[in-house]
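>>> I'd like to go over a predicted model; first the sequence, then the structure.
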Amino acid sequence: MDIRAQIENKFDGKAFKRPLFYSYEGSLRFELSECGHYLNQFLTAHRKGMEICSQVFDGSEDITICVRIYGGKTLLSTLSILKSLRDAGLYPASGKEHWTEFDEEWRGDEDYSGSLWHFIAFKAPTKCLINALWCALSSDFGFIEPSPMADIYLFNLDKDVMVFPYDDRGMDIAGPNKQFLKQQYQQFGHYLLEYDREAMHAVFG
């Protein structure tokens, strides 16, 4: 089974809906960055993200990464972003899957008539977590490179869990493996986003 089919089957077609936390019932949402200089915000977010992801991918030899890029009808329209991903080690020469989707929210809007989401999925060694989180969390900072304009999704398909670090402010974890999510809820409760803590407590508390 290809990567796209596995993601669709395991996550009920909700993996790429945003916001993930509200789209996939029984998810976790973590707060990452804190106050201070933008470098401190970024490095704190990266440290927390790595701490959590190290548990999600503990014991795994590789991770499944899916990059989502906004572009035109062909992948060539995203060439500059692909170059940035390649520089970050997140665009392998082979073993990639590519597919496109039209966002229903764009229907009827002429500005988006030629637009598509481009998805590029591949497997990578777990050491690439550092690079993947860097690219995901640097998206809102204009002074930190590389910073490809792309959404980065991380999947542990063996544990049936996914991670979406949407920017330096936070990161969602979702999937059908509720027992594993409860373990993360308990272990990293001090990082949970306060605004949504009540909703998470109702499921995992």
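Yep, that arrived.

>>> top helix in this protein by residue count?
Secondary structure assigned by DSSP state H gives helix 38-56 as the longest helix of the chain.

>>> which strands and helices sit next to that helix?
helix 129-137, strand 151-156, strand 161-167, strand 170-174, helix 178-187 (3 or more CB pairs under 8 Å, 6 or more residues apart in numbering; DSSP states H and E). Bear in mind the C-beta positions are built from the backbone N, C-alpha and C, glycine included.

>>> And the contacts of the helix or strand just after it?
Note on helix 38-56: by DSSP states H and E, the next helix or strand toward the C-terminus is strand 62-71. Here strand 62-71 makes contact (CB atoms under 8 Å, 6 or more residues apart in numbering) with 3, 6-7, 15-16, 57, 77-78, 81-82, 85, 90-91, 115-126, 128-129, 132, 148-157.

>>> Now which of those would you call buried?
Buried members of the contacts of strand 62-71, scored by 16 or more other CB atoms under 10 Å, are 3, 7, 15-16, 57, 77-78, 81-82, 85, 90-91, 115-124, 126, 128-129, 132, 148, 150-157.

>>> Could you find the closest non-adjacent residue to Cys53?
The spatial neighbour of Cys53 that comes closest, neighbours along the chain excluded (CB to CB, 6 or more residues apart in numbering), is Leu129 at 5.4 Å.

>>> Pretty sure the one you found sits against Met50.
Yes. Assessed by CB atoms under 8 Å, Leu129 is found in contact with Met50 at 6.7 Å.

>>> just to revisit the earlier point, looking at the helices and strands packed on helix 38-56, which is closest to Glu105?
The closest of the helices and strands packed on helix 38-56 to Glu105 is strand 151-156. By CB to CB, the value is 15.0 Å.

>>> angle of that closest one against helix 38-56?
Taking axes from the mean of the first three to the mean of the last three CA atoms, to 10 degrees, one finds strand 151-156 and helix 38-56 inclined to each other by 30 degrees.

>>> can you tell me how far Met50 sits from Tyr112?
Computed as CB to CB, to the nearest Å, the Met50 to Tyr112 distance reads 35 Å.

>>> Repeat that for Ser54.
Counting by CB to CB, the separation of Ser54 from Tyr112 is 38 Å.

>>> again, but for Cys66
22 Å.

>>> Neighbour count: the two, which is higher?
Cys66 (21 against 14; other CB atoms under 10 Å).

>>> low pLDDT regions in this structure?
Scanning the chain for pLDDT under 70 picks out no residues.

>>> doesn't Lys17 make contact with Tyr24?
Yes. Using CB under 8 Å, Tyr24 is in contact with Lys17, at 7.3 Å.

>>> ok, these two, which is more surrounded?
Tyr24 (20 against 13).

>>> which residues does the closest residue to the more buried one other than its chain neighbours bridge with?
Counting by CB to CB, 6+ apart, the nearest residue to Tyr24 once its immediate chain neighbours are dropped is Ala174, at 4.1 Å. Beta-bridge partners of Ala174, counted by DSSP bridges, are Met162.

>>> Report the contact partners of Ala174.
Contacts of Ala174 (CB under 8 Å, 6+ apart): 11, 14-15, 20-21, 24, 26-28, 161-162, 164, 181.
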